[in-house]
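Visitor: need a structure here:
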Amino acid sequence: MSESVAELTQKIADLTARVAELEQENVALHQLIAAYKQAIYGQSSEGVDPEQANLDLGDIDPNAPLPTPANDDDSAQGDGKPKTPRRGGQARRNRGALPRHLPRKHIHLEPETDSCPCCAGTLHKIGEDVRELLDVVPVLYRVLCIHRARYGCRTCSSAVVQAPAPEQPVEGGYATCTLIAQIAVGKWAWHLPLYRQAKMLAGQGIIIDRSTLATWMARAAWWLRPLHECLLKAVLAQQRVYCDDTPLPVLAPGTGRTKTGRFWAYAIDDRSWSGPAPPAVAYLYAEDRKARHMTEHLKSFTGILQVDGYQGYGQLADREALPITLAYCLAHARRKF
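Guide: The predicted model follows:
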């Protein structure tokens, strides 16, 4: 039986409404894809596969509000009204609770008189207010004067006794281990170049050339090399090791420019599952990212190596002697979906 005009008209109206609904959904999906593309091409250490933006989202409404956790104390007040969200996410401000391990210097302030302003009677202490302020003692450079007395015998005029001079980290230098350690930590941990530290020393009236500081750093590296070798040996002796590299700008002498070197990190950390291995990381430098550097670093390692998707790791799994099992990172596995 043929459909009536009224039924056809109703179907056309339903289809028109459905088309309008799909157009709105299409606009929302295009906005979501634009946001994904912004995240992809922005500065990020972990990109997203562009193909993920074309996945079918099904019946997911991109404009739907996120669900509120049932047991979130910050989501609602006692009267059921939502709290004002903190600026910048989960911001936690420290108001007056200074760390307990810091040394305290107590300053006691007393009134100018111990007489009552009303009856001129003697006042007695009924309590006190204590306020803690965070203070700093500026860096104090000092000179260690080492006196080595010489003793001689009145009977044997040729006998002279003197305490041996303490060994210094730099032969013939005047820097102590404490000063060299401070410069090394400032350079490598806090990213203070040597020329800037030289200016900071000059601000204290201490003139030291940058080349002298560089010599101290080379000497400190010489002293620390056995410790680094011991640390690397302990890390590679474990059954599971994490490996990754990061680019490092390195001066290219004679060109006035920098080239890209690599810092390879080999780390262990079993704390997440209460394993036996303590957390540790050892770094090795290489002038590029070629696989031969990893082969040299891991020539004595056998076990599980957790890595990213860099294809150079495949040579480690294919070697016959001391084979390595590659375990890929879950954060990188999401690129395949």
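Visitor: how about stretch 204-213: buried residues?
Guide: Of the residues in stretch 204-213, 208, 212-213 count as buried by neighbour count, 16 or more other C-beta atoms under 10 Å. The C-beta positions use only the backbone N, C-alpha and C, and glycine is treated the same way.
Visitor: Switch those over to TSV; also include secondary structure and pLDDT.
Guide: Listed next are those as TSV, based on DSSP: H, G, I helix; E, B strand; the rest coil; pLDDT from 0 to 100:
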residue	secondary structure	pLDDT
Ile208	coil	96
Thr212	helix	96
Leu213	helix	97
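Visitor: a markdown table please, covering the residues you listed and showing distance to Ile126.
Guide: Shown next, in a markdown table, are the buried residues of stretch 204-213 (distance: C-beta to C-beta, whole Å):
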| residue | distance to Ile126 |
| --- | --- |
| Ile208 | 56 |
| Thr212 | 60 |
| Leu213 | 57 |
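Visitor: which of those residues lies closest to Gly309?
Guide: Taking C-beta to C-beta as the measure, Leu213 is the one of these closest to Gly309, at 40.2 Å.
Visitor: from memory the closest one sits against Ala198, does it?
Guide: Yes. Taking contacts as C-beta atoms under 8 Å, Leu213 lies within contact range of Ala198: 6.2 Å.
Visitor: ranges for the strands of the protein?
Guide: 150-152, 160-162, 240-252, 257-268, 280-286, 303-307, 324-328 (DSSP state E).
Visitor: Please name every helix or strand in contact with the longest one.
Guide: This means strand 240-252. Packing contacts for strand 240-252, counted by 3 or more C-beta pairs under 8 Å, 6 or more residues apart in numbering; DSSP states H and E, involve strand 257-268, strand 303-307.
Visitor: And for the first one, what's in contact with it?
Guide: Yep, that's strand 257-268 we're talking about. Contact partners of strand 257-268, identified using C-beta atoms under 8 Å, 6 or more residues apart in numbering, comprise 232, 235-236, 238, 240-252, 277-289, 293-294, 297.
Visitor: picking up where we left off before, highest average neighbour count across the helices and strands packed on strand 240-252?
Guide: strand 303-307 (a mean of 17; mean count of other C-beta atoms under 10 Å).
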